[in-house]
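Enquirer: Next one to model:
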Amino acid sequence: MEPLATRRRLPIEQTKELEEGAGADSVMRLIEQHSGKHLVLCTHGDVVEEMLERLIAKGLIPRAHARMEKGSTWVLGEQDGTVTGAKYLPAP
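Expert: The predicted structure follows:
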């Protein structure tokens, strides 16, 4: 996160909503609170796994595409605080 924040001259804000064990609900609250804004979030594998399960349940991604390699990225589309799409980017 630091190289991106430095390049963009943006602050890094730590939040309990992304801590290990926080769950997908906390991520959804962040997305709702910042609806219409661009966010970059970094969290733990257990939170990502729970979020992926939610995306699968909503039919936004097939289970076979629910990857979560270390250093990878999920780009989420959002409208009115609701996740509307998801795209996986492998680790560089």
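
Enquirer: do you know how far Ala86 is from Lys37?
Expert: Per C-beta to C-beta, to the nearest Å, Ala86 is found 18 Å from Lys37. C-beta: built from backbone N, CA, C; applies to glycine.

Enquirer: More neighbours: these two, which one.
Expert: For Ala86 versus Lys37, neighbours defined as other C-beta atoms under 10 Å are more numerous around Ala86 (18 against 8).

Enquirer: dump the residue contacts of the more buried one.
Expert: Residues near Ala86 by C-beta atoms under 8 Å, 6 or more residues apart in numbering: 55, 60-61, 74-77.

Enquirer: Now secondary structure and distance to Thr15 too, for those residues, in TSV please.
Expert: Below are these laid out as TSV (DSSP: H, G, I helix; E, B strand; the rest coil; distance: C-beta to C-beta, whole Å):
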residue	secondary structure	distance to Thr15
Leu55	helix	21
Leu60	coil	24
Ile61	coil	25
Trp74	strand	18
Val75	strand	20
Leu76	strand	17
Gly77	strand	22
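
Enquirer: Which single one of those residues is nearest to Gln33?
Expert: Closest approach between the contacts of Ala86 and Gln33, by C-beta to C-beta: Leu76, at 14.3 Å.

Enquirer: Any idea how many residues pack against the closest one?
Expert: Counted by other C-beta under 10 Å, the residues lying close to Leu76 total 16.

Enquirer: looking at it, it is touching Ile31, isn't it?
Expert: Yes. The pair Leu76 and Ile31 passes the contact test of C-beta atoms under 8 Å, sitting 7.2 Å apart.
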